[in-house]
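J.: Generate a structure from the sequence data that follows.
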Amino acid sequence: MSRVYDDGRLASAYEHGNEMPEASLRAWVELIASYTQRSSPSIVEIGAGTGVFSAAMARWIEGSEVVAVDASEAMLAEAHRHHPHPAVRYLRGEAEAVPAAENFFDLALMSRVIHHIPDRARAARELARVLRAGGKVVVRTTFRERLDALVYDYWPRLRAIDELRFPGEQEVVADFVSAGFALEKVTSFAQPVAANLEQYWARLVVRPQSKFTRLTDEEFHRGLTRMEAAARNKTSVKPRAVLERYDVAVFSCP
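T.: Got it, this is the predicted structure:
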């Protein structure tokens, strides 16, 4: 996977900059859990980052055991610090080389990571190896055709950057189908991530996402200034929750 998160500064900023309300996180976990009918499922998260989703799945999916895999030692250190859980094991590994035996997992989650994987087809084949028959892969991302993040309103060049970084829906589907998976569905799901734009701006000050590393300092601060002005202009903009929408692709292992 991309090595950008080996940067200790980015890893330490990621937790605060990408947090979401507990109700939103739980809604996401309930959606992810709905795609497996197995009781007490064994779960792997590929690109687990600071462990937000891995720990949340362990908390709210009854009887689950989670293996959280990430290529970055810096991110894993943050995961151990922020989200320890007795049902979660944090392991260093790559999407293309998962540290697990064959037919081990019932469910795999890839959240906001598919665009960091250099060889998606190989990663899909690796998930086919470690999943049991009937196991599911849930890919949480934004496909190139539907890039709609709020940050593009304040940093317009990020859209062009992400158009080059993010795969299209049919590209991802083709990679998994070629590895033997069946596409079950592609859907969309949105949840609040901040109570208002000012709260959202305060999180982004720490430059917590890899896309921001592709901007110059001047570009980044210009965008921050624009967002801050919009957030504090309460006479023309009614405060409202900030939503983040993601595409969700679900695949079944034969």
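J.: contact partners of the top helix by length along the chain?
T.: Longest helix in the chain by number of residues (criterion: DSSP state H): helix 217-232. Applying Cβ atoms under 8 Å, 6 or more residues apart in numbering, the contact partners of helix 217-232 are 151, 154-155, 157, 196-198, 200-201, 204-205, 207, 212, 215, 237. For glycine as for every other residue, the C-beta is placed from the backbone atoms N, C-alpha and C.
J.: for stretch 167-182, same thing?
T.: For stretch 167-182, contacts defined as Cβ under 8 Å, 6+ apart pick out 114-115, 120-121, 123-125, 127-128, 137, 139, 141, 143-145, 183, 186, 247, 249, 251-254.
J.: repeat that with 10 Å
T.: For stretch 167-182, contacts defined as Cβ atoms under 10 Å, 6 or more residues apart in numbering pick out 110, 114-115, 117, 119-129, 131, 135-137, 139, 141, 143-146, 166, 183, 186, 247, 249-254.
J.: Same check on stretch 140-147?
T.: In this structure, residues lying in contact with stretch 140-147 by Cβ under 10 Å, 6+ apart are 28, 31-32, 53, 109-115, 148-149, 158-160, 162-173, 186, 188-189, 244-249.
J.: The residues you listed in strands, which ones?
T.: Applying DSSP state E to these, the entries found in strands are 109-111, 186, 188-189, 244-249.
J.: Save the residues you listed as a markdown table, and put in distance to Glu65 and neighbour count too.
T.: Output for those, formatted as a markdown table (distance: Cβ to Cβ, whole Å; neighbours: other Cβ atoms under 10 Å):
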| residue | distance to Glu65 | neighbour count |
| --- | --- | --- |
| Leu109 | 14 | 25 |
| Met110 | 18 | 25 |
| Ser111 | 18 | 21 |
| Val186 | 28 | 15 |
| Ser188 | 29 | 12 |
| Phe189 | 25 | 14 |
| Glu244 | 28 | 20 |
| Arg245 | 30 | 13 |
| Tyr246 | 25 | 20 |
| Asp247 | 27 | 18 |
| Val248 | 23 | 18 |
| Ala249 | 24 | 21 |
